[in-house]
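S.K.: this one's sequence-less:
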């Protein structure tokens, strides 16, 4: 097992570094209450815009809140919601895609035309439209991103199910008396999942970017919750005196998203999954 | 060619009808009452009488199917209703703001093409050279940098620190520089990779070998044959990424206070200006679809191997 991992990682130092970055970020987002030096939303105007010190390693922001703690908690918000969106849209996509691919016929046509319709919109425009009509807010953003993303999973899963359905191992399962439900559960889904997870890694990057962009526009996560996009927005007012307020959260987004992209891309090369641009 | 075009044009109709339908459903599902949103936006205190009056004016008391047909009929006649905030027709608001957005979009496409065609081409020809590695790094960065952040970082370094370009607004050519760079980086990332991949693929083709054995100059092979054919996937990329460009303009306009359509859209979201939101989304979908069609047609001209006949069977 270890030798196999070593073999796969050979010459892929970028992949290894990015995996390490993501593992660290995920650990941080889980363990943040214990490792953050201060309370991320504790306002203390006496300590506003302080330079780095032992108590506040990266200084404080315009309301005297600890920058480092806010950045760390931001990891929890971004990764948490991106994961939630990923799991939810994968779930919907799996149900719709398997149903359409396995059943075929008018159900297939209807569901796929619906997907085509959603894909006719530029992604973030539709998300903004939905948020605009439902009203700004965190859950509205999550719902909107989900509504847009599941379509891509559904399309891809349906394609794989259709081509897999005709293969011999499915016929063998059917001949030996497996029910439809069992074929889907035991044979189709486990075969569909690995490439989908690869696509999911790329989508996670998009989701994090979209969440931060919406929060930046003031439509997503609302202050005082520490979220990277919202922090950049707050930081821009202090660009001349304290540029680090807006620089640090951006770097965080950049690190996480670039890691997801590099990992996703090298995995998709291995699995032969086509990337969606 | 004629039949192909007509077929493609007809195929657009159901998609646009669906787009309108989706927005229609969303407006009805939304917890916001259009009548109330209108009164709030015009700073009128909503009373029961006024609300009822407005609901009747907007036709909200009629059966849903009638409302939908009415909506479609209005949109076909370019009647998108009046903005709740400014009380002028949305179409008029759009046409006054669209040029600014289009200028921004076109200038960034231009920057993207000027950078990525040579970069992508050379990084394929000199595969695994430092230039190739550089373009790889650039494309990862372009795909992963949040646009709004990039905009502010550019403002910080080039407008605040070095004072080379204006911070925001629109007017001279200097105003174009930072927004166009911000917007084009994501496009450069994609086009460079696309072009590199398709040049590499093309170099494997038999006709290249044939050209070389015939003694054609390397320059002629590259310029006349490889580049011409390899541009074609880039065009598809251009069409597919139009959505990214559109959403990019929304964010970049917000960062640089660019008085365009995208900024107007964000204001509309905050003001619950339903007609504006609805028409922006529907128009964006239409633009997206039509541009993809145009790109397909240009592609047919560039690559003679894709025949009109073969395409027309779809």
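M.R.: That came through fine. Remember, it's a predicted structure, so these values are computed and weren't measured experimentally.
S.K.: Where do the helices of chain A begin and end?
M.R.: For chain A, the helices defined by DSSP state H cover A:2-9, A:13-35, A:67-103, A:105-119, A:123-134, A:138-165, A:168-175, A:180-182, A:189-216, A:228-235, A:244-271.
S.K.: For the fourth one, what is the distance to the chain centroid?
M.R.: Centroid displacement of helix A:105-119 relative to its chain, using Cα atoms, centre = their mean, to the nearest Å, is 25 Å.
S.K.: Let's have the helices of chain A in TSV, adding mean pLDDT and mean neighbour count.
M.R.: From N, CA and C alone the C-beta is placed, and that goes for glycine too. Below are those laid out as TSV (pLDDT from 0 to 100; neighbours: other Cβ atoms under 10 Å in any protein chain shown):
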stretch	mean pLDDT	mean neighbour count
helix A:2-9	64	9
helix A:13-35	86	15
helix A:67-103	89	21
helix A:105-119	86	15
helix A:123-134	85	24
helix A:138-165	88	21
helix A:168-175	86	12
helix A:180-182	86	10
helix A:189-216	87	22
helix A:228-235	86	25
helix A:244-271	86	20
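S.K.: Of those, give the one that comes closest to residue B:254.
M.R.: Nearest to residue B:254, of all the helices of chain A, is helix A:189-216, at 8.2 Å by Cβ to Cβ.
S.K.: Nearest to residue B:239, out of the helices of chain A?
M.R.: Residue B:239 lies closest to helix A:105-119 among the helices of chain A, at 13.1 Å (Cβ to Cβ).
S.K.: Give me the helices and strands touching the closest one, please.
M.R.: helix A:67-103, helix A:138-165, helix B:2-29 (3 or more Cβ pairs under 8 Å, 6 or more residues apart in numbering or on different chains; DSSP states H and E).
S.K.: Name the residues that touch that helix?
M.R.: Residues outside helix A:105-119 that contact it (Cβ atoms under 8 Å, 6 or more residues apart in numbering or on different chains): A:96, A:99-101, A:126, A:147-148, A:151-152, A:154-155, A:158, B:15, B:18-19, B:22.
S.K.: Name the nearest of those residues relative to residue A:261.
M.R.: Checking the contacts of helix A:105-119 against residue A:261 with Cβ to Cβ, the nearest one is residue A:152 at 16.0 Å.
S.K.: Please report the confidence value the model assigns to whichever residue of the stretch 101-250 of chain B sits closest to chain A.
M.R.: Residue of the stretch 101-250 of chain B nearest chain A, by Cβ to the nearest Cβ: residue B:243 (2.7 Å). If you check residue B:243, the pLDDT there is 75.
S.K.: ditto for residue B:85
M.R.: For residue B:85, the predicted pLDDT is 78.
S.K.: Okay, buried residues for the biggest helix by length in chain B please.
M.R.: With secondary structure taken from DSSP H, chain B has its longest helix at helix B:90-125. Within helix B:90-125, the residues that count as buried by 16 or more other Cβ atoms under 10 Å in any protein chain shown are B:90-91, B:93-94, B:97, B:100-101, B:103-105, B:107-109, B:111-113, B:115-117, B:119-125.
S.K.: so what secondary structure elements neighbour whichever helix or strand comes after it?
M.R.: Once helix B:90-125 ends, the next helix or strand along the chain (criterion: DSSP states H and E) is helix B:130-144. Judged by 3+ Cβ pairs under 8 Å, 6+ apart, helix B:130-144 is in contact with helix A:189-216, helix A:244-271, helix B:90-125, helix B:174-203.
S.K.: so which of these comes closest to residue B:278?
M.R.: Closest of the helices and strands packed on helix B:130-144 to residue B:278 is helix B:90-125, at 8.6 Å (criterion: Cβ to Cβ).
S.K.: got the contact list for whichever residue of chain A sits closest to chain B?
M.R.: Closest contact between chain A and chain B, by Cβ to the nearest Cβ, is at residue A:122 (2.7 Å). Neighbouring residues of residue A:122 by Cβ under 8 Å, 6+ apart: B:242-244, B:246-247, B:284-285, B:288.
S.K.: Please tell me how far the nearest residue to it once chain neighbours are set aside sits from residue B:29.
M.R.: Once flanking residues are discounted, residue A:122 sits nearest to residue B:243: 2.7 Å by Cβ to Cβ, 6 or more residues apart in numbering or on different chains. Distance of residue B:243 to residue B:29, given as Cβ to Cβ, to the nearest Å: 23 Å.
S.K.: more crowded one of these two?
M.R.: In terms of neighbours (other Cβ atoms under 10 Å in any protein chain shown), residue B:243 is the more surrounded of residue B:243 and residue B:29; the figures are 23 against 11.
S.K.: and the stretch 1-150 of chain B, which residues reach chain A?
M.R.: B:15, B:18-19, B:22-23, B:26-27, B:29-32, B:140-141, B:143-150 (Cβ under 8 Å from any Cβ of the partner chain).
S.K.: circling back: determine the set of other helices and strands touching the host helix or strand of the residue of the stretch 101-250 of chain B closest to chain A.
M.R.: Here residue B:243 sits within helix B:242-255, counting by DSSP H and E. Under the contact criterion of 3+ Cβ pairs under 8 Å, 6+ apart, helix B:242-255 touches helix A:123-134, helix B:90-125, helix B:147-154, helix B:174-203, helix B:261-271, helix B:274-302.
S.K.: model confidence over the helix or strand that the fourth one is followed by, on average?
M.R.: Right, helix B:174-203. Helices and strands here follow DSSP H and E; after helix B:174-203, the next one along the chain is helix B:206-213. In this model, helix B:206-213 has a mean pLDDT of 83.
S.K.: shaky segments in the stretch 201-314 of chain B?
M.R.: Of all residues in the stretch 201-314 of chain B, those with pLDDT under 70 make up the ranges B:302-314.
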